[in-house]
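1. What follows is a predicted protein model with its sequence.
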Amino acid sequence: MKSAHIINMEQSVSFQIKAIELLDVALTQQQQALPEQFTFNFNIGLEHKINPENQFLIVIGTVKIIHQDGQTQLASLKASCIFQIQDFFNFLDPANNNISIPQAILTTLNSVTVSTIRGIMFAQFRGTYLHNAVLPVINPQDFNISQNTQ
């Protein structure tokens, strides 16, 4: 598999997507069809974990689809993209097992993950009342980053 390569002012990093995993999906049953001009709200969260043994950075994305009333959850989906980072140990502090990857690289990995989840959502909700609940394009820099050891 070919690696992607990110170059920024801080440094250059190569990575590969090693796996995509659907971790959870839930769809609530609706008593009636939603109107065609329905507005969906999305709550999106990203979490980062590391697996030093395999040089993996795992980005876990969770999306909750909320009714336009702002209260009722219609569905949720959780998936992960597992990235193998070349020169992973250059970013790892072995004393406390923390990783420090430049923000530009995390932004790219977040963007890939959100785009992947958008496709998974479409596949999972196709033919349901959420067929038109397409995750909008968002700025991946808007996410707060949490990095944990797995």
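-> Received it, and whenever you're ready, just let me know what you need. These numbers were taken from a predicted model, which means no experiment stands behind them. Residues are numbered from 1 along each chain as shown.
2. remind me, longest strand of this protein?
-> Determined from DSSP state E, the single longest strand within the chain is strand 12-27.
3. can you pull out the strands in the protein?
-> Applying DSSP E to the chain gives strands spanning 4-7, 12-27, 41-51, 56-66, 73-85, 92-93, 98-99, 147-149.
4. can I get the ones you listed in TSV with mean pLDDT?
-> Shown next, in TSV, are the strands of the chain (pLDDT from 0 to 100):
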stretch	mean pLDDT
strand 4-7	46
strand 12-27	93
strand 41-51	92
strand 56-66	96
strand 73-85	96
strand 92-93	80
strand 98-99	78
strand 147-149	46
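5. Nearest to residue 140, out of those strands?
-> Distance to residue 140, taken as CB to CB, is lowest for strand 41-51 among the strands of the chain, at 8.1 Å. (C-beta placed from N, C-alpha, C; glycine too.)
6. Output that closest one as PDB, nothing but the C-alphas.
-> The C-alpha trace of strand 41-51 is given here as PDB (Å, rounded to 0.1, in the frame of the first residue of the first chain):
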ATOM      1  CA  ASN A  41     -28.200  18.600  13.300                       C
ATOM      2  CA  PHE A  42     -25.000  16.800  13.800                       C
ATOM      3  CA  ASN A  43     -22.900  16.400  17.000                       C
ATOM      4  CA  ILE A  44     -19.400  15.300  15.900                       C
ATOM      5  CA  GLY A  45     -16.500  14.200  18.200                       C
ATOM      6  CA  LEU A  46     -13.000  13.000  17.500                       C
ATOM      7  CA  GLU A  47     -10.700  11.100  19.800                       C
ATOM      8  CA  HIS A  48      -7.100  10.100  19.200                       C
ATOM      9  CA  LYS A  49      -5.500   7.000  20.600                       C
ATOM     10  CA  ILE A  50      -2.100   5.500  20.000                       C
ATOM     11  CA  ASN A  51      -0.800   1.900  19.700                       C
END
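7. Alright, I will stop here.
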